[in-house]
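Enquirer: attaching a predicted model along with its sequence, questions to come.
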Amino acid sequence: MRQRLRGVAFAACLLVGGASLALAAAPSAGAAGSDQSVLRVGVMSGIDNPNIWAVNTVTEWESVTLQYDMMLKFSEDDLTAAPSLADGCDANTDSTVWTCTIKDGLKWSDGQPLTSKDIAFTYRLIEEKKFPYFRSYIPDGTTFKTPNDTTLIWKAPEPTFNPDMPPWVYIVPEHVWSQYSDMDSKEIRSVNVVPTVGSGPYTLTDVSPGQSWTFTKNPNYWGDEPNYDSIVFEQFTNVEALVTSLKNGDIDIADELTAPLLPALEKSSDITVQKITPDCWNNLAFNFGGQTPDADPNPALQDLTVRKAIAMAIDKQEIADKVYPGAGEPGETIIRPLSTFWHLDIPDDQVIPYDPDAANQMLDKAGYTRGSDGVRVDPNTGQPLDLRMPTSNDTAGSEASGRLIAGYLKAIGINVEVQPVSAGKMYEYQQTGNFDMYIWYWCGDPDPDYQLSVFTSDQCTHPGDYGLSDGCWSDKRYDAMYEKQRNMLNQDARQQVVYKMQKYVYDQIPAIPYVYPNSIQAYRNDRVTDLTPIPGDNGYIIPNYGYTMFVTAKPAANADSSGSSSSGLPAGVWVVIAAVAAGAAFFFIRRSGRTSDDEA
């Protein structure tokens with residue numbers, strides 16, 4: 001699930017404004033004078049809205065994963081369906097009816113019973129409200145029955161494998177959310193839910209906006225008891241300060257790290273770096289308009305010739321080498337290579353080459369002549385090819401990539417204004433359509449359906465109907481292929497349709513996947529141990545596909561009870577140094593994601 005996710009903050013401005021930061025040294029596991037064990041996690045993106053239906057930032061995804069369960073979960077090894085709230089689901093002969101067996105005796109964190117009725121309520125609410133991220137898992141016309149508290153019957157209008165995919169849908173308590181069911185989706189997303197009621201190992205109990213978020217152990221958690229009493233997410237506005245706090249032992253785990261910092265991290269014997277198998281792709285998306293009456297993309301982007309010229313002008317290899325050294329490879333199609341069964345490698349003779357000379361010739365031939373300032377002019381509208389390109393602060397290397405792309409496009413007569421913004425601002429652009437192209441990221445599911453769905457016409461955002469499409473690209477041929485593949489039970493035959501869809505998007509260029517980056521996380525191995533990566537050894541060590549790592553994690557035997565070490569400068573000092581020296585924002589990392597070795 002994605003997309004994405006977000007707040008650019010300029011360190012110099014923070015100094016001038018005197019804004020407080022959650023960067024001071026703080027006690028970690030077993031702080032002196034306390035019997036409470038605390039796991040501290042440093043993050044770059046915060047929790048703007050803890051409401052599960054408004055989930056947006058990387059950290060919001062992680063927090064939701066920590067607090068809620070899916071009906072079936074992703075296995076820790078290969079992300080296939082595994083028991084969770086349900087022990088399993090069995091299909092009838094034509095796979096239109098699935099009977100799921102729910103565990104008995106489950107409770108929510110507030111002590112109320114968790115039954116099949118909560119699961120049915122969640123699915124119906126998603127089907128009715130069409131919440132982004134979740135709605136593609138519940139096909140229209142699906143019904144849910146609960147003959148008893150431990151049985152859910154999923155009935156679909158056509159054969160489906162969705163119940164056993166499994167659907168990446170977090171189950172919510174009916175007794176909490178039913179009181180809001182008469183609201184529209186926008187109103188529901190604005191509901192204040194702290195403290196939360198969930199079924200996972202921890203629930204959100206305290207919020208210091210823009211600084212920290214505290215999760216407390218759920219006394220009614222149905223699984224193995226976690227070793228930490230609480231988990232605190234602390235937000236940083238500067239990736240250098242984040243790294244320094246990790247080095248100093250002020251935090252135990254660091255999320256959303258960037259490739260240029262790898263050498264410094266890898267030198268420390270007390271720090272273990274987790275370079276996650278590429279699970280996402282960073283994306284240059286074009287805007288086609290139609291989101292709102294005020295949407296105003298440059299009309300030239302409707303022309304495939306212009307989009308193809310842009311694609312040919314971008315040196316993906318140079319971006320990977322310079323912005324993601326040792327932690328990224330050039331992108332190609334919208335299904336990441338990690339999904340080995342589903343990913344299409346474009347044949348060499350059909351690859352759009354890096355060839356700026358040919359791109360210039362294409363634009364010349366199409367009548368896009370250069371003005372006196374060197375910027376080309378649209379022959380149909382007389383409008384110069386001046387393009388606004390926001391870049392999201394939750395997408396690692398987005399600003400640096402954007403500036404390289406601006407240079408590449410200048411060479412073919414296209415002027416680009418790079419606009420580094422917060423993830424929240426990116427959502428505003430995505431919904432209003434007031435941009436020309438932008439850089440954000442996508443992360444898919446083990447099954448390709450979710451990632452394919454975001455390119456359908458149905459995902460275009462319209463007033464009152466929030467979708468996931470980046471730029472409202474609408475193509476009936478693509479839509480037909482999507483509907484065909486989603487109900488195919490023969491996975492080999494479905495694979496061929498998924499291949500055709502990837503090639504079609506590659507050729508039509510509604511977006512350019514320009515890099516497959518590694519997500520980078522790190523932890524103090526002298527302070528925390530027994531983190532369980534998901535999936536496999538090169539998986540995430542912070543909740544993403546699951547939360548097991550924070551259940552099995554425990555303080556290392558030699559952990560310093562003071563919560564900090566004596567080496568290095570205090571994190572707060574780094575903020576000042578970074579602000580004075582740089583006077584600008586640093587770039588951050590990604591939006592929601594997932595991983596697998598073979599997702600057949």
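Expert: Structure received.
Enquirer: nearest residue to Val505 other than its sequence neighbours?
Expert: In this structure, Val505 finds its nearest non-sequential neighbour in Ile334, 5.5 Å apart by Cβ to Cβ, 6 or more residues apart in numbering. Using the backbone N, CA and C atoms, a C-beta is placed for each residue, glycine as well.
Enquirer: tell me how many other residues crowd the one you found.
Expert: For Ile334, the count of nearby residues is 23 (other Cβ atoms under 10 Å).
Enquirer: ok, now the one 10 residues further on?
Expert: A total of 20 residues lie near Leu344 under the criterion other Cβ under 10 Å.
Enquirer: hmm, back to that, the residue nearest to Val505 and Glu225, how far apart?
Expert: Going from Ile334 to Glu225 by Cβ to Cβ, to the nearest Å gives 41 Å.
Enquirer: first-to-last residue distance for stretch 524-543?
Expert: Using Cα to Cα, to the nearest Å, the end-to-end distance of stretch 524-543 comes to 17 Å.
Enquirer: starting at the chain centroid, how far to it?
Expert: 19 Å (Cα atoms, centre = their mean, to the nearest Å).
Enquirer: output the lowest mean pLDDT helix or strand found in this protein.
Expert: helix 11-17 (a mean of 31; mean pLDDT, DSSP states H and E).
Enquirer: next secondary structure after that one?
Expert: strand 38-43 (DSSP states H and E).
Enquirer: show residues contacting that next one.
Expert: With Cβ atoms under 8 Å, 6 or more residues apart in numbering as the test, strand 38-43 has contacts from 26-29, 31, 58-59, 62, 228-236, 242, 245-246, 250-256, 528, 542, 550, 553, 563.
Enquirer: just the buried ones among those residues, please.
Expert: With neighbours counted using 16 or more other Cβ atoms under 10 Å, these contain these buried positions: 26-29, 58-59, 62, 228-236, 242, 245-246, 250-256, 528, 542, 550, 553, 563.
Enquirer: next step: those residues restricted to helices.
Expert: Val58, Thr59, Glu62, Leu242, Ser245, Leu246, Phe550 (DSSP state H).
Enquirer: and the gap between the second one and Gly141?
Expert: It refers to Thr59. Applying Cβ to Cβ, the value for Thr59 to Gly141 is 35 Å.
Enquirer: where does confidence bottom out across the ones in helices among the buried ones among the contacts of strand 38-43?
Expert: Least confident by pLDDT among these: that is Val58, with 81.
Enquirer: hang on, that one packs against Glu256?
Expert: Yes - judged on Cβ atoms under 8 Å, Val58 makes contact with Glu256 at a distance of 6.2 Å.
Enquirer: in the longest helix seen in the chain, what's buried?
Expert: Ranked by residue count under DSSP H, the longest helix found in the chain is helix 491-508. Of the residues in helix 491-508, Arg494, Gln495, Val497, Val498, Tyr499, Lys500, Met501, Gln502, Val505, Tyr506, Gln508 count as buried by neighbour count, 16+ other Cβ under 10 Å.
Enquirer: in JSON lines, list these along with distance to Lys425.
Expert: Listed next are the buried residues of helix 491-508 as JSON lines, based on distance: Cβ to Cβ, whole Å:
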{"residue": "Arg494", "distance to Lys425": "37"}
{"residue": "Gln495", "distance to Lys425": "38"}
{"residue": "Val497", "distance to Lys425": "36"}
{"residue": "Val498", "distance to Lys425": "33"}
{"residue": "Tyr499", "distance to Lys425": "36"}
{"residue": "Lys500", "distance to Lys425": "35"}
{"residue": "Met501", "distance to Lys425": "30"}
{"residue": "Gln502", "distance to Lys425": "30"}
{"residue": "Val505", "distance to Lys425": "26"}
{"residue": "Tyr506", "distance to Lys425": "29"}
{"residue": "Gln508", "distance to Lys425": "28"}
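Enquirer: okay if I get those as TSV plus pLDDT?
Expert: Output for the buried residues of helix 491-508, formatted as TSV (pLDDT from 0 to 100):
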residue	pLDDT
Arg494	94
Gln495	95
Val497	98
Val498	97
Tyr499	98
Lys500	98
Met501	98
Gln502	98
Val505	98
Tyr506	98
Gln508	98
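Enquirer: of all those residues, which comes closest to Phe455?
Expert: Checking the buried residues of helix 491-508 against Phe455 with Cβ to Cβ, the nearest one is Val505 at 6.1 Å.
Enquirer: can you list the domains in this structure?
Expert: Domains of the chain are assigned by automatic domain parsing as 11-67+200-276+521-582, 72-180, 280-517.
Enquirer: do you know which of those lies nearest Asn192?
Expert: Nearest of the domains of the chain to Asn192, taken as Cβ to Cβ: domain 11-67+200-276+521-582 at 7.6 Å.
Enquirer: please state the offset of that closest one from the chain centre?
Expert: With Cα atoms, centre = their mean, you get 18 Å for domain 11-67+200-276+521-582.
Enquirer: which stretches of the chain have low pLDDT?
Expert: 1-34, 462-465, 558-600 (pLDDT under 70).
Enquirer: quick check: most distant residue from the centroid of it.
Expert: Distance from the C-alpha centroid of the chain, by Cα atoms, centre = their mean, peaks at Ser372 (42.3 Å).
Enquirer: quick one, phi psi at the nearest residue to Glu62 once chain neighbours are set aside?
Expert: In space, not counting the residues next to it along the chain, Glu62 is nearest to Pro543; the distance is 4.8 Å by Cβ to Cβ, 6+ apart. Backbone torsions for Pro543, taken as degrees, to the nearest 10, come to phi -50, psi 130.
Enquirer: can you check the one 5 residues further on too?
Expert: The phi/psi pair for Thr548 (degrees, to the nearest 10) reads phi -50, psi -40.
Enquirer: how about it, nearest residue that isn't a chain neighbour?
Expert: Counting by Cβ to Cβ, 6+ apart, Thr548 lies nearest to Thr532, which is 4.7 Å off, once chain neighbours are set aside.
Enquirer: quickly find the element holding that neighbour.
Expert: Per DSSP H and E: Thr532 is located in neither a helix nor a strand.
Enquirer: thought it was touching Met549?
Expert: Yes - counting by Cβ under 8 Å, Thr532 does reach Met549; the two are 4.6 Å apart.
Enquirer: tell me which of the two has more neighbours.
Expert: More crowded of Thr532 and Met549, by other Cβ under 10 Å: Met549, with 23 against 16.
Enquirer: tell me where the stretch 251-400 of the chain has strands.
Expert: For the stretch 251-400 of the chain, applying DSSP state E, counting those that start in this stretch gives strands covering 253-257, 271-275, 280-286, 328-330, 386-392.
Enquirer: dump the residue contacts of the closest residue in space to Pro513 that isn't next to it in sequence.
Expert: Nearest non-adjacent residue to Pro513, counting by Cβ to Cβ, 6+ apart: Gly331, 3.6 Å away. Neighbouring residues of Gly331 by Cβ under 8 Å, 6+ apart: Trp281, Asn282, Asn283, Lys316, Ile512, Pro513, Tyr514, Val515, Tyr516.
Enquirer: check Thr333 too.
Expert: When contacts are counted by Cβ under 8 Å, 6+ apart, Thr333 is found next to His343, Leu344, Asp345, Ile346, Gln502, Lys503, Val505, Tyr506, Pro513.
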